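Visitor: Starting from these lines, generate the structure:
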Amino acid sequence: WTLSTKISFAEDGVNYKAVADDIEALVKSDPDKGPTLVRLAWHSSGTYDKMSKTGGSGGGTIRFKEELVHGGNAGLADTAVKWMEELKAKYGDGLSYADLYTLSGVAAIHAMGGPQIPWCSGRVDQPVEAVTADGRLPNADVGKPGADKSDADHL
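Guide: Model prediction:
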């Protein structure tokens, strides 16, 4: 498949098609990983606040323990984030965590038979100080629906 940018190599020297192919191979080797990678992409993006223009996928901050301990991110440190570390090491510093995590969701959807989603590179990782406060996403598991007021606060 081709990326929406219709290029394989970006100015940063990263072969994003190869990265996407590696992610797809990971999902095809263990289809249960696909939904978790989609969750990683969503949770790295879902913290964006339009008013303050903070959070979101642009900084790759979900890689930090300070964000991984947020209730909504339960389980991602030992699964999707950990799985992506091998690819980050393989492709080096030219590949930002922010691009890797968003591309993981796009490639996982494609690997699971979903549509090709437009995606482009260019996100720049931010320092730990850019991590937003907990509460922008609903908690991953707080019991039965409505058990925790924060479940609905994002709606």
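
Visitor: Counting neighbours, what do you get for Ala39?
Guide: To be clear, residue 39 is Arg; Ala isn't right here. 21 (other C-beta atoms under 10 Å). Backbone N, C-alpha and C define where each C-beta goes, glycine included.

Visitor: swap in Pro127?
Guide: Around Pro127 there are 9 residues (other C-beta under 10 Å).

Visitor: so who does it touch?
Guide: Contact analysis of Pro127 by C-beta atoms under 8 Å, 6 or more residues apart in numbering lists nothing.

Visitor: Could you pull up phi and psi at Pro138?
Guide: phi -70, psi 150 (degrees, to the nearest 10).

Visitor: For Val19, see how far away the residue nearest the centre of the chain is.
Guide: Centroid-nearest residue in the chain, with C-alpha atoms, centre = their mean: Ala41, separated by 2.7 Å. According to C-beta to C-beta, to the nearest Å, Ala41 stands 13 Å off from Val19.

Visitor: shared neighbours of the two, anything?
Guide: The contact lists of Ala41 and Val19 share Leu103, where a contact means C-beta under 8 Å, 6+ apart.

Visitor: How far does the helix or strand where Leu26 lies sit from its chain's centre?
Guide: Taking DSSP states H and E as the definition, Leu26 sits inside helix 16-29. Put simply, helix 16-29 sits 14 Å off its chain's centre (C-alpha atoms, centre = their mean, to the nearest Å).
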